[in-house]
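Trainee: return a 3D structure for these sequence lines:
(2 chains)
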Amino acid sequence: MPKLARSEIRMNTRSLARTLIIAAAAFASLLPGAALAQVAIKAKTLHTMAGPAITDGVVIIQNGKIAAVGPAASTPIPDGLRILEANVATPGLIDARCTVGVSGLLNQKQDQDQLERSGPIQPELRAIDAYNPLDPLVDHVRSFGVTTINTGHAPGELISGQTALIKLRGTTVDEAVIKPVSAVAATLGPGAQRDSAPGTRAKMVSMLREQLIKARDYQKSLDKAAQPAAADPDGKPATAAEPPARDLRLELLAQVLKGEIPLLISANRAQDIASVLRLKEEFSTLRIVLDSGSEAYLLTAELKAAGVPVFLHPTMIRAFGEMENMSVETASKLRAAGIDVAIQGGFESYVPKARVILFEAAIAAANGLSFDEALATITITPARILGVADRVGSLEVGKDGDVALYSGDPFEYTTLCTGVVIDGVVMSEKPR
Amino acid sequence: MTVHSRLTAARCPVLILSLFAGLASAQEKPVAIVGAHIIPITGPEIAKGVLVVQNGKIVAVGQEGSTAIPADATRVDGAGKFVMPGLVDTHIHIGGVGGGDRSSTLAPEVRVLDSINVMDSGFRRAVAGGLTTVNIMPGSGHLMSGQTIYTKLRQPGGKPPKRIEDLYINDADGKPMWGLKMANGTNMLGDPPFSGTRGKSAAIVRERFIKAQEYKAKVAAANGDAEKLPARDLGMETMVEVLDGKRIVHHHTHRTDDIMTVLRLQKEFDFRVVLHHVSEAWKVADEIAAAKVPVSAIVIDSPGGKLEAANLIIETGGILEKAGVNVAFHTDDWITDCRLFLRSAALAVRAGMGRDAALRALTLAGAEMMDLSGRVGSLEAGKDADFIILSGDPLSVYTKVEQTWVEGAKVFDRSREEDRLFAVGGFGAGRDQEPYMCCVQGTGFVFGGKQWGQWGAAGQ
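Mentor: Numbering: from 1, shown residues only, chains lettered A, B, ... in the order given. Predicted structure coming up:
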């Protein structure tokens, strides 16, 4: 490919984008269901999450991507598109943090892959090797408008493994995944306690620090080996430094340390959240997301100053143990302090086996968050924090055609989800 | 207190009684809620209504304008508010309640009233959710895990209760009312003396009922002759009350085959029973209707978590209603949060149940299943003044329980900071709060001696 000057690249961006869309369309037409990926959605109220709600709005999806969004009057619908109508439409919902597809419906040994107990530090465990797109809970959460989930390893070990960003479609994880390594999950507090180490909070933090320092050294060795060999002053042939033996664990943690992969740390008690902030101070390149954070309302100024966003526990989580001081007003308190907040479906060890973020965000909407802020916690905010806002989280031209349709205010108990579209494919229309 | 004053007090029982009445704060002066949207349950909703209460009882309910308001009544402006009966929860586990201890799978002699910590903040959360009458139940880890206790969430003297006795609902004989908790399915399976299979579970229960019939026959044959009476047996005494229909069996059951087993045993021994939880009742709605057995269903927005709940759906209430079954809901708190009990009805309506039936399922239907419908569950003159004041329609997510009243006394007021803490949560809201002991031990759920999950991990 010939080298292009910057100006040429800029000039060609539009035609390149067009070429890519055409190429994508040609490719998409080979996929099953692609014929369905042409759809127009007409909504009396359209929440794009990229500006004010549009009255009588239209979203046009072609080849799986959003081709146009706007008021019906100025957004003509091309011939031949299937038209879905709804009172309200929103971007497909994003669950910032759950174990759907990894901890299955039945809660039996054979369908629980969210937590490996063989060791306290296993960041090399991939979510893509654990995700089952055919678990019934995938259909269940999708039927209420959820289209993307950040799922994978649960809290419960110091570093329990990876999470992945997944679209709720397809029969294999390869069709579904949009970011195979979206975060590495860690836990501080009683959840990470083991009979052997770590047995205490102090030990947990020391083990984490040790691992991160090891990862830093590993990265240094990699960098050294990548440098051109220095000439030997004695005139002997130059020898490059040997790269270290591959280590899946340190490979991952080195990426975490550089901030390439977010470190999702579950902590609930204020003292554990303070430990999270202490780690962030020591390892400033870490991209930390506070997971759960039931007492985060006690440390809003500190979280804001550290620039740490929060994937807040479900609002209807059971209030006992280290969650005993949880509040349904936490989301609104964090937002008031300027902290980015997503609301998660979380992990459930018993009945029910999954939580629907639509319902969890509704409780936040009823307890201090505005409608738009509550909707943001399950759409654009998690998309931004997880680095996929170019694809999902809002209804904008060029983004994935993921839309949720409702009979009214999506947060009202008695409103029905009347349709779910993912990548322009109508996944369900049965009112739920 | 000196000896002299104690003696004096003993001579003045009338004075003492009247003091107690004052402490119970059943107001002598009438209170009238005026201009609220009133949902009486037993009649059509009243857009602009009046509710008058006095001395712990409802005096009048009706349209504003045509309902007499006593001149000396304290008026409460109800404009824009909704008023409905205090909610009745047929199945709750607040107060760290515990029944049987797994030394036997049948524990009808065990009373949960001996296990409840009424200072547990679960009681504060319950009134914040609008609950006023609750059946505190032991868990489902035994075929019979003990005697439940029917309670009113009173606050004697305007303060949180100190003893379970403060909360009793007494029958005509002045004795506290309760039912018997039973369970089948998988939660109580285990090594002997527990049952290992469903067939064994039913056999153990049948044997105990047959023994109870024999015990009852011996008591009858003794005809009051102390010499001929069988030796007292606390468990048998409970079972005889069940056989006599004095106590209702509250039966945990989920799967269709387990539901049908309860109906089969009920038919054989003719006991009064309410089917609880019933994840799969929607598959045998007609059979339940034919058996004329009422159902107290749990409403959860998602299925799973154990095999028996894999087919749980929110359509259950509507399907049972259409089949003609008397349906109540329950929180099963900790399974669903008692502060969100109204949500159970709202989700049922979302899934096809009628509004009236769904609101009845939060109130009068539950009262019927506890033999309390003559006293609570609807707003009618002469009934207990148990009611809630809501900021809006009971089925809206945005609606808040603003006040909860039990027997004419306010037990929750969202505008009071100390009450609000338990309504929304926050630092200190979990103080003294214990998960119920049937199923939660240490950091995990335990059924049948088996650990089902880590709460450390599930703290998420």
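
Trainee: and for whichever residue of the stretch 301-450 of chain B sits closest to chain A, the neighbour number?
Mentor: Using C-beta to the nearest C-beta, the closest approach of the stretch 301-450 of chain B to chain A is made by B:Gly430 at 2.5 Å. For the C-beta atoms, the positions are set from N, CA and C on the backbone; glycine is no exception. If you count neighbours by other C-beta atoms under 10 Å in any protein chain shown, B:Gly430 ends up with 23.

Trainee: try B:Val53
Mentor: Neighbour count of B:Val53, defined by other C-beta under 10 Å: 28.

Trainee: which residues does it bridge with?
Mentor: Applying DSSP bridges to B:Val53 gives these bridge partners: B:Val31, B:Ile58.

Trainee: got the contact list for it?
Mentor: Residues counted as contacts of B:Val53 (C-beta atoms under 8 Å, 6 or more residues apart in numbering or on different chains) are B:27, B:30-32, B:59, B:385, B:387, B:405, B:408.

Trainee: what's the answer for B:His277, then?
Mentor: By C-beta under 8 Å, 6+ apart, the neighbours of B:His277 are B:91, B:252-254, B:296-298, B:332.

Trainee: who are the contact partners of the closest residue to chain A within the stretch 151-300 of chain B?
Mentor: Chain A sits closest to B:Ile300 of the stretch 151-300 of chain B, with a gap of 4.9 Å, by C-beta to the nearest C-beta. Contacts for B:Ile300 (C-beta under 8 Å, 6+ apart) come out as A:351-352, B:309, B:312, B:314, B:335-336.

Trainee: all strands of the stretch 101-250 of chain B, in order?
Mentor: Defined through DSSP state E, counting those that start in this stretch, the strands belonging to the stretch 101-250 of chain B, from first to last, are B:131-136, B:144-147, B:149-152, B:180-183, B:249-253.

Trainee: tabulate these (a markdown table), appending mean neighbour count.
Mentor: What follows is the strands of the stretch 101-250 of chain B, written out as a markdown table (neighbours: other C-beta atoms under 10 Å in any protein chain shown):
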| stretch | mean neighbour count |
| --- | --- |
| strand B:131-136 | 30 |
| strand B:144-147 | 29 |
| strand B:149-152 | 26 |
| strand B:180-183 | 27 |
| strand B:249-253 | 26 |
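
Trainee: would you format those as JSON lines with distance to chain A and mean pLDDT included?
Mentor: What follows is those, written out as JSON lines (distance: least, C-beta to the nearest C-beta, whole Å; pLDDT from 0 to 100):
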{"stretch": "strand B:131-136", "distance to chain A": "16", "mean pLDDT": "98"}
{"stretch": "strand B:144-147", "distance to chain A": "18", "mean pLDDT": "97"}
{"stretch": "strand B:149-152", "distance to chain A": "21", "mean pLDDT": "98"}
{"stretch": "strand B:180-183", "distance to chain A": "14", "mean pLDDT": "98"}
{"stretch": "strand B:249-253", "distance to chain A": "12", "mean pLDDT": "98"}
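
Trainee: so which of these gets nearest B:Gly86?
Mentor: For the strands of the stretch 101-250 of chain B, proximity to B:Gly86 was assessed by C-beta to C-beta; strand B:131-136 is nearest, at 2.7 Å.

Trainee: show me the shaky parts of the stretch 101-250 of chain A.
Mentor: For the stretch 101-250 of chain A, applying pLDDT under 70 flags the ranges A:230-233, A:235, A:237-239.

Trainee: hang on, the earlier thing: name the member of the contacts of B:Ile300 with the most neighbours.
Mentor: B:Leu312 (27 neighbours).

Trainee: residues in contact with that one?
Mentor: Contacts for B:Leu312 (C-beta under 8 Å, 6+ apart) come out as A:351-352, B:254, B:279-280, B:298, B:300, B:303-304.

Trainee: pull the longest helix from the chain.
Mentor: Since no chain was named, I'll use chain A. Criterion DSSP state H: the longest helix present in chain A is helix A:201-226.

Trainee: not what I meant, chain B
Mentor: helix B:198-222.

Trainee: what comes into contact with that helix?
Mentor: The contact list for helix B:198-222, computed with C-beta under 8 Å, 6+ apart, reads B:105-106, B:108, B:143-144, B:182, B:184-185, B:188-189, B:195, B:228-230, B:233, B:236, B:239-240, B:242-244, B:257-258, B:261, B:264-265, B:268-269, B:271.

Trainee: now the buried members of those residues.
Mentor: Buried members of those, scored by 16 or more other C-beta atoms under 10 Å in any protein chain shown, are B:105-106, B:108, B:143-144, B:182, B:184-185, B:188-189, B:195, B:236, B:239-240, B:242-243, B:258, B:261, B:265, B:269, B:271.

Trainee: okay, and which of those map to helices?
Mentor: Under the assignment DSSP H, the buried ones among the contacts of helix B:198-222 contribute B:236, B:239-240, B:242-243, B:258, B:261, B:265, B:269 to helices.

Trainee: which residue packs closest to A:Asn325, ignoring adjacent ones?
Mentor: Spatially, and ignoring its direct neighbours in sequence, A:Asn325 is nearest to B:Phe427 (4.9 Å; C-beta to C-beta, 6 or more residues apart in numbering or on different chains).

Trainee: Three-state assignment for that neighbour, please.
Mentor: Assigned with DSSP: H, G, I helix; E, B strand; the rest coil, B:Phe427 falls in the coil class.

Trainee: so it makes contact with A:Glu329?
Mentor: No - judged on C-beta atoms under 8 Å, B:Phe427 makes no contact with A:Glu329 at a distance of 11.7 Å.

Trainee: thanks a lot, see you next time.
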